[in-house]
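[1] Sequence isn't available, so here's the structure alone:
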């Protein structure tokens, strides 16, 4: 079983501290007025930024986790581990699944905490990313297919990231900055590895090979 990444653990601790500082900076060191004490000017006042900023920061971090390099963990199903694995010790397939679940939850929370823009809506969940990943993985733990599945996920993430940025650009500036800060913190803790990416030629070859013998290996084509 692989050990957790110390740099990543430290960065997560720093990120938690920065959430509080970020909110303090927005509100001048004072918490936003509660609904009990704040004067009611509208029937449906917008949610406070203090609710949205930490969520946006976590979405940025999670998107960077999915897009970046994940240290392969142990996936020996025939062996019982000596201790329960942390998220950093999961196999790549399980870790991606966990992060997609996390992203689903965070997007739903952020969608409920910001004022929506009908022309630039925030993605409701991560279903399109999950489809891009599972189409290549096929639900089966296959090491040779992981690089292809990760590249398929990354390609879809580029447009997904733009959709998030567009929605947040029409929301409060602080929320957009929090999203980008979360991504930057993750990339600082775990810098992108260029060699982890497949070249266009390798990706086309891998996908072509998969389409030729996918049925015999139990994978879906896509």
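    Cool, got the structure. Keep in mind that this is a model prediction, so the values were computed, not measured.
[2] so which helix or strand takes in residue 62?
    helix 49-67 (DSSP states H and E).
[3] got the buried residues for that helix?
    Buried residues in helix 49-67, counted by 16 or more other Cβ atoms under 10 Å: 49-50, 52-67. C-beta: built from backbone N, CA, C; applies to glycine.
[4] what's the answer for stretch 104-117, then?
    Quick answer for stretch 104-117 (16+ other Cβ under 10 Å): 104-111, 113-114.
[5] Is residue 114 in contact with residue 171, as I believe?
    Yes - contact between residue 114 and residue 171 holds when scored by Cβ atoms under 8 Å: they sit 4.8 Å apart.
[6] Looking at per-residue confidence, what score does residue 44 get?
    Note for residue 44: predicted pLDDT of 58.
[7] let's number from 42 now, not from 1
    Right, with 42 as the first residue, what we last looked at is residue 85.
[8] top helix in the chain by residue count?
    Ordering each helix of the chain by length in residues (DSSP state H) puts helix 187-210 first.
[9] tell me what that one is packed against?
    helix 90-108, helix 133-154, helix 168-178, helix 214-230, helix 241-258 (3 or more Cβ pairs under 8 Å, 6 or more residues apart in numbering; DSSP states H and E).
[10] Check which helices and strands the fourth one is in contact with.
    Packed against helix 214-230 by the contact rule (3+ Cβ pairs under 8 Å, 6+ apart) you find helix 47-68, helix 90-108, helix 187-210.
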